[in-house]
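> sequence first, predicted model second:
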Amino acid sequence: MISPARAESTPVVPAQDSLDPSVFDVFQMSGLLDDVVADYLERLIEETERAGSGGLVLQVNSSEAVISDERLQALARRIHGAEIPIYAWVGPSGSAAHGKVAQLLATTDEIAVSVGSSFGNVGDLVIDDELLSTEFRAVAETLRDRTVDEESVRDFGLADRDSPTIAFFVLDLPGFESEIDTSGDEAVRVPISGIRFWKLPLFDGWMHTFASPPMAYLLFLIGAGLLIFELYTAGVGIAGVLGAGCFILGCYGLEVLPTRPWAVALLVISMLGYAVDVQTGVSQAWSVIATVCLVAGSLFLYDGMGISIITLLAGIIGVSLSMISGMPAMIRTRFGTPTIGREWMVGSIGDAAEDMKKEGVVLVDGAPWKARVNRTTPIAKGDSVRVVAIEGLYLEIEPEEGGARDYRELRNGDPEPAD
């Protein structure tokens, strides 16, 4: 039953000799069903089988699956063919099991829905009929574009009993031991079998979070914005490192989720458009084009799913304001005196902060500046350099010893030094 691909996975539960067969395990499954969740669930099934668990309960709050149909089918077969009983409880109140997630739950031994939760909107069936319960197949067409509450789930025969909480659900599972406690004023039923709760490990949980629609969208925009800001600073700083990390994680999330490629392209165009006007320091036509692309790309980014209006407003308003007003102000602050002119720097002496052949960073009066080497003369780290000109955001420099004369002197007609 254990596939070779999963046999070498890191165990996710204690060793077999530390587990009591009367213990039941509960996996808290929330958010989108992605490859991270699917892989972990398969590993958990294998380990609970090996440990002889009394059963595995999937506590579900998931509105959609973003794994391929083939991957979903393989996971359904693993659940259906498990050596221990696997159950599904949709809860707590307000939870949902929709789309392909609802289809997957129909392969378990029993389904229950808590008060205030919903089940259905299953769409076209992609899981083989023999893996689905008879009761689910009978109502699948009714639930194709419809969700139902806990009462309808019982009426449709998908659930046999009320299960307002996970404790009520687990108490009546086959093999779960309990007893009646009459020591108080009223007799109460108390469990004897243990319940162990599981959730995604820390790293898996992070990757699952990064692949959520709002997080992937915001990380992509934040990362791109920080990288653009880094273009106008000397060297690689915190903004560049943080921006690269956010951008990579955002790209990972967008790759996992069902995104429209043309919408992603619009977001990229919007950031490049803003970068053009940040360079000039004045919001012009490119800022208008960038804002239109940002709005369109944000609204149509995901195919078949959306993100909240709060997330959209945070992304659109935050990026547009920072690019149109915030970033130009930071750039002007970064270059301080240039608002009056940087001609004062021509002729200044500085030190190379790194080995340079064509471009690099120099320190002038203790401040780092991006620089280009005049005449492509190699300069070693720590060598003294002279600023001979300013081109845009770059200083044109030369070695202090043996360099060319100050360009202003040459322009004024002074003779070049004799060889």
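Arrived safely.
> low-confidence ranges in the stretch 101-250 of the chain?
Applying pLDDT under 70 to the stretch 101-250 of the chain flags residues 233-236.
> quick one, strands of it?
Remark: strands assigned in the stretch 101-250 of the chain by DSSP state E, counting those that start in this stretch are 110-113, 118-120, 147-148, 178-181, 188-191, 195-198.
> comparing these, which comes out most buried?
Counting by mean count of other Cβ atoms under 10 Å, strand 110-113 has the highest mean neighbour count of those, with a mean of 27. Quick note: C-beta positions are derived from backbone N, CA and C, even for glycine.
> tell me how far that one is from the chain's mean position?
Centroid separation for strand 110-113 versus its chain: 30 Å, with Cα atoms, centre = their mean, to the nearest Å.
> with stretch 265-285 instead?
With Cα atoms, centre = their mean, you get 25 Å for stretch 265-285.
> and it, which residues are buried?
Leu266, Leu267, Ile269, Ser270, Met271, Gly273, Tyr274, Ala275, Asp277, Val278, Gln279, Ser283 (16 or more other Cβ atoms under 10 Å).
> for Ala112, give the beta-bridge partners.
For Ala112, the beta-bridge partners are Trp89 (DSSP bridges).
> what sits against it?
Residues counted as contacts of Ala112 (Cβ atoms under 8 Å, 6 or more residues apart in numbering) are Tyr87, Ala88, Trp89, Val90, Gly91, Glu150, Val153, Ala159, Arg161, Ser163, Phe169.
> what do you get for Leu266?
Applying Cβ under 8 Å, 6+ apart, the residues near Leu266 are Cys293, Leu294, Ala296, Gly297.
> so which of these wins on neighbours?
The member of those surrounded by the most neighbours (other Cβ atoms under 10 Å) is Gly297, with 26 neighbours in all.
> name the helices or strands packed onto the helix or strand that contains that one?
Assigned by DSSP states H and E, Gly297 belongs to helix 285-299. Packing partners of helix 285-299 (3 or more Cβ pairs under 8 Å, 6 or more residues apart in numbering; DSSP states H and E): helix 261-280, helix 309-321.
> for those helices, give me CSV that also has mean pLDDT and distance to Met327.
Formatted as CSV, the helices and strands packed on helix 285-299 follow (pLDDT from 0 to 100; distance: least, Cβ to Cβ, whole Å):
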stretch, mean pLDDT, distance to Met327
helix 261-280, 88, 5
helix 309-321, 92, 10
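> rebuild the strands of the stretch 101-250 of the chain as a markdown table, extending it with distance to Phe27.
Formatted as a markdown table, the strands of the stretch 101-250 of the chain follow (distance: least, Cβ to Cβ, whole Å):
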| stretch | distance to Phe27 |
| --- | --- |
| strand 110-113 | 15 |
| strand 118-120 | 18 |
| strand 147-148 | 23 |
| strand 178-181 | 22 |
| strand 188-191 | 18 |
| strand 195-198 | 5 |
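> before we move on, back to that, tell me the one of the contacts of Leu266 nearest Gly326?
For those, the minimum distance to Gly326 (Cβ to Cβ) is 14.9 Å, reached by Leu294.
> hmm, Val268 and the closest one touching each other?
No - counting by Cβ atoms under 8 Å, Leu294 does not reach Val268; the two are 10.4 Å apart.
> wait, Phe300 sits on Ala263?
Yes - if you go by Cβ under 8 Å, Phe300 and Ala263 touch, sitting 4.7 Å apart.
> neighbour count winner among the two?
Ala263 (18 against 14).
> quick check: the farthest pair among the buried residues of stretch 265-285?
Farthest-apart pair in the buried residues of stretch 265-285 is Leu266 and Gln279; separation 20.6 Å (Cβ to Cβ).
> which residues touch the residue nearest to Ser22 when sequence neighbours are not counted?
In space, and not counting its chain neighbours, Ser22 is closest to Ser193: 4.3 Å by Cβ to Cβ, 6 or more residues apart in numbering. Contacts for Ser193 (Cβ under 8 Å, 6+ apart) come out as Ser22, Val23, Phe24, Gly54, Gly175, Phe176, Glu177, Ser178.
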